[in-house]
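Novice: The following comprises the amino acid sequence and a computationally predicted model.
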Amino acid sequence: MKSISCRDMGMDCPWVGKGETLEDLAKQVKDHHMVEHPEYYEDTMRNMSDDEIMDMIEPYVKEE
């Protein structure tokens, strides 16, 4: 199981995502940011491909 938190990515947010793959986490991160951090999503993530999002979050992913 893999996990990622908004806090680890520098946000003041308690959200934690969990999934089996990096792809699972990338979708969760994207969906979460669209709802909870729309300005960051619009400024940073909106035009990113799934691969770019995975590259961005990978350093923050923890193995459980």
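Specialist: Everything's here; your move.
Novice: How confident is the prediction for Ser5, by pLDDT?
Specialist: pLDDT recorded at Ser5 is 97.
Novice: how about it, phi and psi?
Specialist: phi -120, psi 150 (degrees, to the nearest 10).
Novice: Can you get me a residue count around it?
Specialist: When counting by other CB atoms under 10 Å, one arrives at 16 neighbours for Ser5. All C-beta spots, glycine's among them, are computed from the backbone N, C-alpha and C.
Novice: Also Thr44?
Specialist: Other residues close to Thr44 by other CB under 10 Å number 13.
Novice: now the helices for this structure?
Specialist: Per DSSP state H, the chain carries helices over the ranges 22-36, 38-40, 50-57.
Novice: so of these, which one's packed in deepest?
Specialist: Neighbour counts (mean count of other CB atoms under 10 Å) averaged over each of those peak at helix 22-36, with a mean of 17.
Novice: quick one, it and helix 50-57 angle?
Specialist: Inter-element angle recorded for helix 22-36 and helix 50-57: 90 degrees (by axes from the mean of the first three to the mean of the last three CA atoms, to 10 degrees).
Novice: quick one, what contacts the residue nearest to the spatial centre of the chain?
Specialist: By CA atoms, centre = their mean, the mean C-alpha position of the chain lies nearest to Val29, the distance being 2.9 Å. Residues in contact with Val29 (CB atoms under 8 Å, 6 or more residues apart in numbering) are 4, 17, 53, 57.
Novice: let's go with 10 Å and repeat that
Specialist: Applying CB atoms under 10 Å, 6 or more residues apart in numbering to Val29 gives the contacts 4, 6, 9, 15, 17, 19, 37, 41, 45, 53-54, 56-57, 60-61.
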